[in-house]
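>>> Sequence isn't available, so here's the structure alone:
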């Protein structure tokens, strides 16, 4: 990754670190004036309408919130081949989001100062208007900061052509590489933590459900992609399950292509679109197989040009036999 992209991504992640630092500083400064239980949710009139949250739970929730969303923003900034314009709007969105959350959470803490009864805490609705104004101002700051960072260079694209590898008759060859999704890994780990948090602070009945969702995200966060005499095989997770295989007799051609996870497939994981499916771990280069029925199957993985060339060679060999 070039220095310009690192600098731009750093500006994108900075507001999450700043917002978390401000929240921790406020908690430290006014902690002795806060009650043991905090009102954290209010109705449209500004009155507390849910059970209060302990100061410890509020602290853990704040750290998880900013660290979790910040991790997702970092994955998007560092791992996705966004254009310079896309990175600027991603940056502005991050600053705006942190402006809104940072002000809202700080105002909520201040509303609880010296309260003896959490149910009597009032959060004026006009505070949401102020939070929105802060968000707009913070978004403008983020957009302005990107002007002082050079545009990142366009990442090299994969080989869109259909290539081959020279193999002698009877010569065996195979290719294998592991791929993964930083976004799904972050979501999985954060969801596991959220499951523990829910079980401890809300109810042990709901925690396991959230925990299982986190495990499923982790299962689909990595895969082993292989090309050999069996065709193209994708084994998910550490247990190599579930498995998807496109046999050689089901392959028309294979190519290397650059994929944008959101624009092309609508997100990460196993994706189904019209006339195409795929395991989309991240944005970037992918091996794209055109099946004999006209449908496409894509897997984002490094060195996809080599994998596509070998698969085309094995398919040609089978057709000749």
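Looks like it arrived, so ask away. Note that the coordinates shown come from a computational prediction; the quantities given were computed from them, not determined experimentally. Numbering: from 1, shown residues only.

>>> going forward, measure contacts and count neighbours with C-alpha atoms only.
Noted.

>>> State whether residue 287 and residue 309 are indeed in contact, as I suppose.
No. Residue 287 is beyond contact range of residue 309, at 9.7 Å (criterion: C-alpha atoms under 8 Å).

>>> tell me, what's touching the two both at once?
254-255 (C-alpha atoms under 8 Å, 6 or more residues apart in numbering).

>>> helices and strands around the helix or strand bottoming out on mean pLDDT in the chain, which ones?
The weakest-scoring helix or strand in the chain, judged by mean pLDDT, DSSP states H and E, is helix 182-201 (a mean of 72). Packed against helix 182-201 by the contact rule (3 or more C-alpha pairs under 8 Å, 6 or more residues apart in numbering; DSSP states H and E) you find helix 55-79, helix 207-219.

>>> orientation of the longest one relative to helix 182-201 in degrees?
Pointing back at helix 55-79 there. Angle, helix 55-79 to helix 182-201, by axes from the mean of the first three to the mean of the last three C-alpha atoms, to 10 degrees: 170 degrees.

>>> per-residue confidence averaged over whichever helix or strand comes after helix 55-79?
For helix 55-79, the succeeding helix or strand toward the C-terminus, using DSSP states H and E, is helix 84-111. Averaging pLDDT along helix 84-111 yields 85.

>>> again, but for stretch 117-127
Mean predicted confidence for stretch 117-127 is 86.

>>> Just the buried residues of it, please?
118-119, 121-124 (16 or more other C-alpha atoms under 10 Å).

>>> repeat for stretch 259-276
Across stretch 259-276, burial judged by 16+ other C-alpha under 10 Å covers 259-261, 265, 267-269, 271, 276.

>>> Among the residues you listed, pick out the one closest to residue 111, please.
residue 267 (38.6 Å; C-alpha to C-alpha).

>>> Is residue 22 in a helix, a strand, or coil?
Secondary structure, DSSP: H, G, I helix; E, B strand; the rest coil: residue 22 is helix.

>>> Model confidence at it, what's the number?
For residue 22, the model assigns a pLDDT of 88.

>>> Which residue ranges of the stretch 151-300 of the chain form strands?
Applying DSSP state E, counting those that start in this stretch to the stretch 151-300 of the chain gives strands spanning 175-180, 222-228, 231-236, 243-246, 251-259, 269-273, 276-280, 284-291, 296-300.
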